[in-house]
Structure formats: structure tokens, C-alpha cells
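Participant: model this:
(one chain, ligands or ions: 1)
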Amino acid sequence: MKRIGILTSGGDTPGMNAAIRATLKAGLDKQMTVMGIYHGYQGLMEGRIKQMQYSDVHNIIDRGGTILRTARSEVFKTPEGLSRALQIISAYDIEGLIVIGGDGTFCGARALSEKGVPVVCIPGTIDNDMGYTDFTIGFDTAVNNVMHEISKIRDTMRAHDRVGVVEVMGRQCGDIALWAGITGPADITLLPEVDYPWEKAAQKLVENKLRGRLTSMVIIAEGAGKAVDFAKYIEENTDVEIKPVTLGYIQRGGNPSAQDRMLATKMCVHAVELLDENCGGRAVGIRDNKIIDVPLSDAIAAKDVFDHSLYNMSEMISKF
Ligand code: F6P
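Facilitator: Below is the predicted model of the structure:
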């Protein structure tokens, strides 16, 4: 394969630029032409495509976001959208594709793959919610971002003897909250995967206060509720003073961690090798610290299994 395309799709993640950079460099090393497709599948359908040069990826490894931009496209999911994308792929002589994103991105890739386009998928989502891989690109940076913000919030909470409740991203998956809860750390971690009654949380905050611990930290994943609602509940039912903070996009932006840069680089070099061997319909991941690739359909079907033992450890550690 001598001409490949690359796109980023769905929510951006820190490390996407490192992935684009590694793809271009590995492609050039194999005498490939690498076409940058802007704005995800939407841009693919619209032919927003440009041949990438070495200079395009200078000084981007440390930048969050994605130089190729990203989008979520409803039109691409329609038969007309798919057929338009196929026409563009053929018009630009693109022989294989590397796509970086989460679940929705992978489903789009499968549709192209079923029509005969060799596609290799790279998991890029801060949520870490893809069952076939231990980690996704962006997760480590997001956890580090949350950890650093918690430490700043704790300073001011401690100064006022207040409790902080910090809402982090994760609609279906509580991994960011769980990891930030252990490393932040938090006294209470509320996740979509675990039923933790707010009444029990209120009781714990009151007990903490009674035993002289005037500052506590609560982390709530967005899928488990809103920080403002939790704070309201606590203030209405206890004498604990609590302040809600919603971190929002702070956790998705910023410089990618070394771990994410490394993961993105290893995964994309592997993806280019797969395309070089004309091997498509694969998803690249990492398992037990080894880069792997699996059939794309298996990656999509793999259920994301919640790490109960990690949660139990978090509960034990936060007990004292
Ligand atoms: O999928 C990643 C994610 O960051 C989720 O955690 C979050 O709920 C969602 O994207 C929000 O994305 P946006 O605001 O871009 O729609």
C-alpha cells in the first residue's frame, strides 16, 4: 500500500497529535504518501483532504487537540453518506485508512471496512471505555489533569474547612473518576457503575466532620450525577459546607502525558505496519503492556468490563 489516509473523529483527546505525527513519520519511512483528512468522517465526505508533509507535524507532539480537527457526523451514518465517502476515497486513490477515535468512530470504520476499504482503528478517547484494550489514548492525560486540579481545589477547601465535590467526564464509564479518586485522592468516589446512595455519602461526610476531618473531597463522574445536585443534597441534609466544581473541558485539553505520547506513537507505528502488509479491518490496542491488534468487529463487540477490584481497593484506601 503506497497511499494512506488518516482522520480523527469524535471527542478529541490529548495524544491525537502524537498519533498523527507517528503515522506520518512511519508512513514516510515506508515511502507512503499520507493524506490528512480534516474534520473526521464529515470532512471525508466533503473531500477536505490534503497531502501531509513532514513540516505539518513539527512541534505538535506536545499539543492537545488534533491538527486534523474532529467532528461527529450524522450524515456519514446514512447510506448516502457512506457512498459519498467511498467515492471520495476512490477519487483520492486512498488505499487504506487509519482512524482515531472512540466507539462511534470504530462503527464508522466498520461500515467502510465492510465495503472493502482497509481500515485500522486506534482507540482515542479520554473515557477509557473500550473493552478490547487496557488503555485508550488520552485517558492518562485526563486523569493527570483531574489530579492536578483536585490538588488546587483542595488547597482552598482546606483553607475554609469546606468539602469539595468535583464532577469529571465519563457518561457511561467511571474510569477517570476512579483513577482520580485513588490518586487525587478522594474520600468518596461516585461512579455510573456502582450504586452508592447519596444518603450514605452524606453520612460519611458528617462522620468525617465529627472526627475532626473538616475537609473532604468527593469525585463524581458525570454519569453518576451532577456536582451541583450533589452539593445541594448535602447542604439540604447535613450541616456540611460543600462547594461544587465541574471540570469540563479542562480535563480533555492540555499537553499529553509521556504515557499518552508513547502509546499513540507505538499504536500508530503498528497501524502503518498493518496497512503496509495490506491488512485492514483491525483495531490496535494495548494489553498487558504489549501492543496488539484484533479484528475490528471483535473490538466493537468487546464489553468494557469495570474493574471491581480496583474499586474495592479505592474503597478500602478511602475508609481511613
Ligand atoms: O467521549 C469523551 C467525552 O469526553 C465524554 O466523557 C463526555 O461526556 C463527552 O465526550 C462530551 O463531549 P462533547 O462535549 O464534545 O460532546
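
Participant: who in the protein is up against the ligand?
Facilitator: Within the chain, the residues that sit near the ligand (CB under 6 Å from any ligand atom) are G11, G102, T125, I126, D127, M169, G170, R171, E222, R252. From N, CA and C alone the C-beta is placed, and that goes for glycine too.

Participant: Is it possible to mark the buried ones in those residues?
Facilitator: Those of the residues of the chain next to the ligand that meet the buried threshold are G11, G102, T125, I126, D127, M169, G170, E222, R252, by 16 or more other CB atoms under 10 Å.

Participant: The last one contacts M169, correct?
Facilitator: Yes: assessed by CB atoms under 8 Å, R252 is found in contact with M169 at 6.9 Å.

Participant: Model confidence for the residue in the stretch 151-300 of the chain that the ligand sits nearest to, exactly?
Facilitator: Taking CB to the nearest ligand atom, the ligand has its nearest neighbour within the stretch 151-300 of the chain at M169, 3.3 Å off. Here, the pLDDT recorded for M169 equals 98.

Participant: so how far is I220 from it?
Facilitator: 11 Å (CB to CB, to the nearest Å).

Participant: on that earlier part again, of all the buried ones among the residues of the chain next to the ligand, which two lie farthest apart?
Facilitator: Maximum pairwise distance in those, criterion CB to CB, is 15.4 Å, between G102 and E222.

Participant: Inside helices: which ones of the buried ones among the residues of the chain next to the ligand?
Facilitator: Using DSSP state H, no member of those falls within helices.

Participant: Now flag whichever of the residues you listed is closest to R287.
Facilitator: T125 (16.9 Å).

Participant: Show the contacting residues for that closest one.
Facilitator: G10, G11, T13, G101, G102, D103, T136, I137, G138, F139 (CB atoms under 8 Å, 6 or more residues apart in numbering).

Participant: The first one touches G108, doesn't it?
Facilitator: No: G10 sits out of contact with G108 when judged by CB under 8 Å, with a separation of 9.2 Å.

Participant: Tell me how many other residues surround I89.
Facilitator: I89: 24 surrounding residues under other CB atoms under 10 Å.

Participant: Report all helices and strands that the helix or strand harbouring it contacts.
Facilitator: Using DSSP states H and E, I89 falls within helix 79-91. With contacts defined as 3 or more CB pairs under 8 Å, 6 or more residues apart in numbering; DSSP states H and E, helix 79-91 has these neighbours: helix 40-45, helix 103-114.

Participant: Swap in 10 Å and give it another go.
Facilitator: Contact analysis of helix 79-91 by 3 or more CB pairs under 10 Å, 6 or more residues apart in numbering; DSSP states H and E lists strand 33-37, helix 40-45, strand 49-51, strand 96-101, helix 103-114 as its packing neighbours.

Participant: Take the ones you listed and write them to a markdown table, including distance to V143 and mean pLDDT.
Facilitator: Compiled in a markdown table, the helices and strands packed on helix 79-91 are given as follows (distance: least, CB to CB, whole Å; pLDDT from 0 to 100):
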| stretch | distance to V143 | mean pLDDT |
| --- | --- | --- |
| strand 33-37 | 29 | 98 |
| helix 40-45 | 25 | 98 |
| strand 49-51 | 34 | 98 |
| strand 96-101 | 19 | 98 |
| helix 103-114 | 20 | 98 |
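
Participant: highest average neighbour count across these?
Facilitator: Mean neighbour count (mean count of other CB atoms under 10 Å) peaks for strand 96-101 among these, with a mean of 28.

Participant: distance between the longest helix anywhere in the chain and the chain's centre?
Facilitator: Taking DSSP H as the criterion, the chain has its longest helix at helix 139-160. Distance, stretch centre to chain centre, for helix 139-160: 19 Å (CA atoms, centre = their mean, to the nearest Å).

Participant: May I have that helix as CSV, with CA atoms only?
Facilitator: C-alpha atoms of helix 139-160 as CSV (Å, rounded to 0.1, in the frame of the first residue of the first chain):
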residue,chain,number,x,y,z
PHE,A,139,-7.0,8.7,29.4
ASP,A,140,-3.7,9.1,31.2
THR,A,141,-3.6,12.8,30.5
ALA,A,142,-7.2,13.3,31.5
VAL,A,143,-6.5,11.6,34.9
ASN,A,144,-3.4,13.7,35.4
ASN,A,145,-5.4,16.9,34.6
VAL,A,146,-8.0,16.0,37.1
MET,A,147,-5.4,15.1,39.7
HIS,A,148,-3.7,18.4,39.4
GLU,A,149,-7.0,20.4,39.5
ILE,A,150,-8.1,18.5,42.6
SER,A,151,-4.9,19.4,44.4
LYS,A,152,-5.6,23.1,43.7
ILE,A,153,-9.2,22.8,44.7
ARG,A,154,-8.2,21.0,47.9
ASP,A,155,-5.9,24.0,48.9
THR,A,156,-8.8,26.4,49.0
MET,A,157,-11.3,23.9,50.5
ARG,A,158,-8.8,23.2,53.3
ALA,A,159,-8.3,27.0,54.0
HIS,A,160,-12.1,27.3,54.6
